[in-house]
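Enquirer: Output the structure for:
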Amino acid sequence: MSELPGFIAIETGDEEGLPLSVAWSLPDGRIKHTLIQPDDSWIAESDHVTNEYSAEELESFGVSPLDVIRELETDYFNETLYTSGSGEDELALARLFDTYGIDPFVELAPAESLYPNLHGAEWQHQRRQVFDQLGLEPMRPEDEVSAMLALHQRLTGDDTD
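Expert: Predicted coordinates:
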């Protein structure tokens with residue numbers, strides 16, 4: 001049984017880089033997912049941070065940004081995590097760490113870089129096919145991570161179960 005690469009996706013709000021929820025995979029293929037409580041410095045007077053979540057929902061059902069950082073540190077200290085390459089993940093992750101003045105201890109890289117023989121546009125095309133085939137929703141972190149895991153397993157023949 002080989003270890004899978006770590007994939008991460010962060011849902012962001014209306015304000016650029018506002019982290020709302022995060023999901024990442026573990027080396028065995030399991031996925032962690034949680035809503036993120038907004039730090040007071042992240043939200044203006046507005047009670048509504050996106051069309052999907054209110055500040056009250058995030059506060060009630062989310063975990064603190066510091067707890068997200070601690071959990072990520074436990075799973076992936078000084079490692080590279082792979083994203084779908086939207087750029088939003090990097091902004092949101094930076095915001096999490098900046099809130100506490102912590103230097104990021106993970107590096108993000110585009111998932112397509114794992115497949116040097118596959119052109120980036122082809123990786124995106126196959127990713128969209130996985131979303132369609134599995135009935136997943138783009139922009140939902142847990143679905144983004146599920147799609148990247150499924151595509152990795154398809155491209156490498158690595159079925160870690």
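
Enquirer: rest of the way, CA atoms for contacts and neighbours
Expert: Noted.

Enquirer: partners of Leu35 in the sheet?
Expert: Ser21 (DSSP bridges).

Enquirer: any idea how far it lies from Phe97?
Expert: According to C-alpha to C-alpha, to the nearest Å, Leu35 and Phe97 sit 16 Å apart.

Enquirer: Pick out whichever of those two has more residues nearby.
Expert: Leu35 (23 against 17; other C-alpha atoms under 10 Å).

Enquirer: The more buried one touches Ser60, doesn't it?
Expert: No: using C-alpha atoms under 8 Å as the test, Leu35 is too far from Ser60 to be in contact (9.4 Å).

Enquirer: Out of the helices and strands in the protein, which is least certain?
Expert: In the chain, no helix or strand scores lower on mean pLDDT, DSSP states H and E than helix 55-61, which sits at a mean of 82.

Enquirer: residues of that one that come out buried?
Expert: For helix 55-61, the neighbour count (16 or more other C-alpha atoms under 10 Å) marks Ala55, Leu58 as buried.
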